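In: After the sequence you'll find the predicted model.
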Amino acid sequence: MSEAQSDIVPQPRSKLARWYRSPLCSVILAGLISFTQPGIWNALNATGAGGQQKPFLVNGANALTFGIMAFGCIFFSAFANKFGLKTTLIIGTLGYAPYSASLYVNNRYGVEWFVLFGGATCGIAASALWASEGAIALGYGDVNQRGRHTAIWLGLRELGQLIGASIQLSLNVKDGSRGKVSYTTYLVLVALQCLGLPLALLVSPPEKIIRADGTKLIDPTKKKAVLGELGRMWKLLQRKQMFFLIPILVGFNWNSVYIGLYQTAYFSVRARTLSSLVTSVVASIANVFWGWFYDTRFFRRPTIAKISWFTLATCMTAVLSWQVANEKRYSSQDITIDWTSPEFGRAFGSVVLLRFLNESHYMLVYWILGAFFDDIEILTLAVGIVRSFESVGSAVSYGIGAVKTIHPLNNLIVSFAMFGVSLVPTSLAVFLVPERPATSAEVASLSGDVRDSDPEVDSKDDTKGVPVQASTVL
């Protein structure tokens with residue numbers, strides 16, 4: 001048997017086994033893992049300050065989390081190409097539960113150091129999780145499926161916030177004052193996060209994935225070195241497609257921190273938990289809509305990219321302008337906004353719209369990555385770059401949000417300014433979106449050997465796209 005034939009994965013015998021090895025199954029599992037990990041984390045943060053009365057300790061812990069991720073995402077992307085996406089994914093399920101547990105301990109007993117420790121474990125786990133699950137969602141399927149796969153991945157993540165927020169609302173529905181959520185809220189959420197590890201064990205590694213057209217993915221871990229992967233990532237970052245995305249990656253998440261400050265300053269506990277519930281539904285709607293739109297064939301991909309970005313940019317500018325007016329209005333009053341308050345519709349509406357637009361931003365950025373590149377190794381490195389720069393922005397914004405003397409209005413103004421700075425470079429990146437993503441060979445030729453030039457490795461890469469052998473295995 002030839003070397004190329006020996007790399008071919010035999011076709012599983014049963015329909016269930018074939019579905020289990022399909023890209024869709026692994027994407028669903030990655031989405032369910034995201035539901036139990038960052039989905040629950042989002043559920044807590046969507047109430048404002050992790051459900052606490054004051055945002056400063058939690059914002060400090062989140063700044064630590066994202067500070068670790070700024071470097072950790074880069075490392076774990078290289079780690080994934082050396083030791084495997086599945087191994088990295090498993091590591092990514094181990095650090096979220098300690099953070100949620102620390103919020104419980106702080107809420108009930110006032111212990112503060114544990115929150116910072118939980119923020120550190122969450123940062124390490126999140127670095128591994130985002131580097132691996134993003135590559136699974138974008139790289140396992142064909143380019144024509146990346147819109148819906150991204151929607152499934154991020155949509156299931158929102159299911160975590162939806163369920164978590166439902167639990168929170170049921171436990172805090174009678175609390176119409178400002179303050180912190182009930183400590184019993186955290187116990188259920190910690191239990192849900194413990195489900196991430198067994199789900200990660202079920203995910204198929206890339207070399208065992210069989211696409212619907214009978215092609216397979218190569219094993220991306222062959223003949224890799226972590227330092228070599230970091231070098232490839234640096235060369236990839238120098239490509240203008242990635243370079244132009246940096247401003248929006250750094251600046252876009254600033255308004256998420258502001259939303260937490262805004263809610264803790266003016267909203268009642270039950271209004272905050274209702275906000276977490278409604279915004280998770282709205283984010284899911286954004287995932288479904290953009291997932292459908294990105295895979296539609298009514299327009300060419302470059303046209304889809306332009307329509308999406310300029311719609312997002314226009315709407316975000318309008319909503320941020322509206323929120324500046326809201327913040328100035330409420331900051332001049334000693335006000336508690338409950339769902340029975342006359343101001344609730346105005347105050348709550350802007351939060352809902354911002355959440356829809358923030359989720360639309362995630363969908364756009366990850367879809368653009370899938371439109372640029374078609375190689376799972378390159379996508380793994382690209383996702384690491386994206387998450388690293390997003391984490392830089394989040395770390396700084398949460399750090400500023402942890403300073404008690406900085407008014408929420410100042411945070412909002414900085415968010416607006418950061419978004420304004422990103423408009424031109426993001427537009428340039430959008431105009432570079434091609435009809436078909438670059439292959440691994442094209443990436444190597446354009447970026448100065450992003451892929452290793454070892455001829456033996458290149459010969460193995462040629463097995464990508466080979467039809468799966470018709471033999472069967474158990």
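Out: Everything's here; your move.
In: What about the nearest residue to residue 244 once chain neighbours are set aside? Give its phi and psi, please.
Out: Spatially, and ignoring its direct neighbours in sequence, residue 244 is nearest to residue 429 (3.7 Å; CB to CB, 6 or more residues apart in numbering). (Each C-beta comes from the backbone N, C-alpha and C, glycine too.) Residue 429 adopts backbone torsions of phi -60, psi -40, taken as degrees, to the nearest 10.
In: Pretty sure residue 429 sits against residue 368.
Out: Yes. Between residue 429 and residue 368 there is a contact under CB atoms under 8 Å: 6.9 Å.
In: hey, what's in contact with both of the two?
Out: In terms of CB atoms under 8 Å, 6 or more residues apart in numbering, residue 429 and residue 368 are both contacted by the residues residue 245.
In: Give the buried residues for stretch 352-366.
Out: Across stretch 352-366, burial judged by 16 or more other CB atoms under 10 Å covers 352-366.
In: Can you tell me which of the residues you listed end up in helices?
Out: Under the assignment DSSP state H, the buried residues of stretch 352-366 contribute 352-366 to helices.
In: Residue 437: how many residues sit nearby?
Out: 21 (other CB atoms under 10 Å).
In: That should have said residue 215, apologies.
Out: Going by other CB under 10 Å, the residues that sit close to residue 215 add up to 15.
In: With residue 15 instead?
Out: There are 8 residues near residue 15, going by other CB under 10 Å.
In: got it, and residue 418?
Out: Residues near residue 418, counting by other CB under 10 Å: 20.
In: Ok, the one 4 residues further on next?
Out: The local packing count at residue 422 equals 21, with neighbours defined by other CB under 10 Å.
In: Distance of it relative to residue 216?
Out: From residue 422 across to residue 216, the span is 38 Å (CB to CB, to the nearest Å).
In: gap between residue 146 and residue 15?
Out: 25 Å.
In: Return the set of buried residues in the strand or helix carrying residue 228.
Out: Assigned by DSSP states H and E, residue 228 falls within helix 226-237. If you call a residue buried by 16+ other CB under 10 Å, then helix 226-237 has these buried ones: 229-230, 232-233, 235-237.
In: Which stretches in the stretch 351-474 of the chain count as helices?
Out: All helices of the stretch 351-474 of the chain, identified by DSSP state H, counting those that start in this stretch, fall at 376-401, 408-430, 440-447, 455-461.
In: would you turn those helices into TSV with mean pLDDT and distance to residue 299?
Out: As requested, those are arranged in TSV below (pLDDT from 0 to 100; distance: least, CB to CB, whole Å):
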stretch	mean pLDDT	distance to residue 299
helix 376-401	83	23
helix 408-430	90	13
helix 440-447	53	23
helix 455-461	37	32
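In: Could you look over these and pick the most buried one?
Out: Mean neighbour count (mean count of other CB atoms under 10 Å) peaks for helix 376-401 among the helices of the stretch 351-474 of the chain, with a mean of 25.
In: who does that helix touch, helix- and strand-wise?
Out: helix 56-83, helix 113-139, helix 226-237, helix 246-251, helix 254-266, helix 344-372, helix 408-430, helix 440-447 (3 or more CB pairs under 8 Å, 6 or more residues apart in numbering; DSSP states H and E).
In: Buried ones in the longest helix belonging to the chain, by neighbour count?
Out: Using DSSP H, we find that the single longest helix of the chain is helix 301-331. Neighbour counts over helix 301-331 (16+ other CB under 10 Å) mark 301, 304-306, 308-309, 312-313, 316, 319-320, 323-324, 326-327, 330 as buried.
In: and it, what's its mean pLDDT?
Out: For helix 301-331, the mean per-residue pLDDT is 92.
In: and that helix, how far from the chain's centre?
Out: 20 Å (CA atoms, centre = their mean, to the nearest Å).
In: and it, what other elements does it pack with?
Out: helix 254-266, helix 269-295, helix 344-372, helix 408-430.
In: Could you rerun that using 6 Å?
Out: helix 344-372, helix 408-430 (3 or more CB pairs under 6 Å, 6 or more residues apart in numbering; DSSP states H and E).
In: TSV for these, including distance to residue 166?
Out: Output for the helices and strands packed on helix 301-331, formatted as TSV (distance: least, CB to CB, whole Å):
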stretch	distance to residue 166
helix 344-372	16
helix 408-430	27
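In: Please tell me I have it right and residue 35 contacts residue 158.
Out: No. Judged on CB atoms under 6 Å, residue 35 makes no contact with residue 158 at a distance of 8.1 Å.
In: picking that back up, want to throw the helices and strands packed on helix 376-401 into CSV with distance to residue 190?
Out: Output for those, formatted as CSV (distance: least, CB to CB, whole Å):
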stretch, distance to residue 190
helix 56-83, 16
helix 113-139, 11
helix 226-237, 33
helix 246-251, 30
helix 254-266, 20
helix 344-372, 24
helix 408-430, 29
helix 440-447, 42
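In: Let me know which of those is the nearest to residue 31.
Out: helix 113-139 (7.7 Å; CB to CB).
In: Enumerate the positions of that closest one that are buried.
Out: Buried, per 16+ other CB under 10 Å, within helix 113-139: 114-116, 118-139.
In: for the record, mean pLDDT for the following helix or strand past that helix?
Out: Heading C-terminal from helix 113-139, the first helix or strand you meet, by DSSP H and E, is helix 146-172. Helix 146-172 shows a mean pLDDT of 78.
In: so what does helix 146-172 touch, helix or strand wise?
Out: Using 3+ CB pairs under 6 Å, 6+ apart: helix 146-172 touches helix 23-36, helix 38-46, helix 113-139, helix 184-193, helix 269-295, helix 344-372.
In: where among these is the average confidence lowest?
Out: helix 38-46 (a mean of 76).
In: by how many degrees do that one and helix 344-372 diverge?
Out: 150 degrees (axes from the mean of the first three to the mean of the last three CA atoms, to 10 degrees).
In: Using CSV, write out the CA atom coordinates for helix 38-46.
Out: Listed next in CSV are the C-alpha coordinates belonging to helix 38-46 (Å, rounded to 0.1, in the frame of the first residue of the first chain):
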residue,chain,number,x,y,z
PRO,A,38,-17.9,30.8,27.9
GLY,A,39,-21.7,30.5,27.6
ILE,A,40,-22.1,30.3,31.4
TRP,A,41,-19.4,32.9,31.8
ASN,A,42,-21.3,35.2,29.6
ALA,A,43,-24.5,34.5,31.5
LEU,A,44,-22.9,35.8,34.7
ASN,A,45,-21.3,38.8,33.0
ALA,A,46,-24.5,39.7,31.2
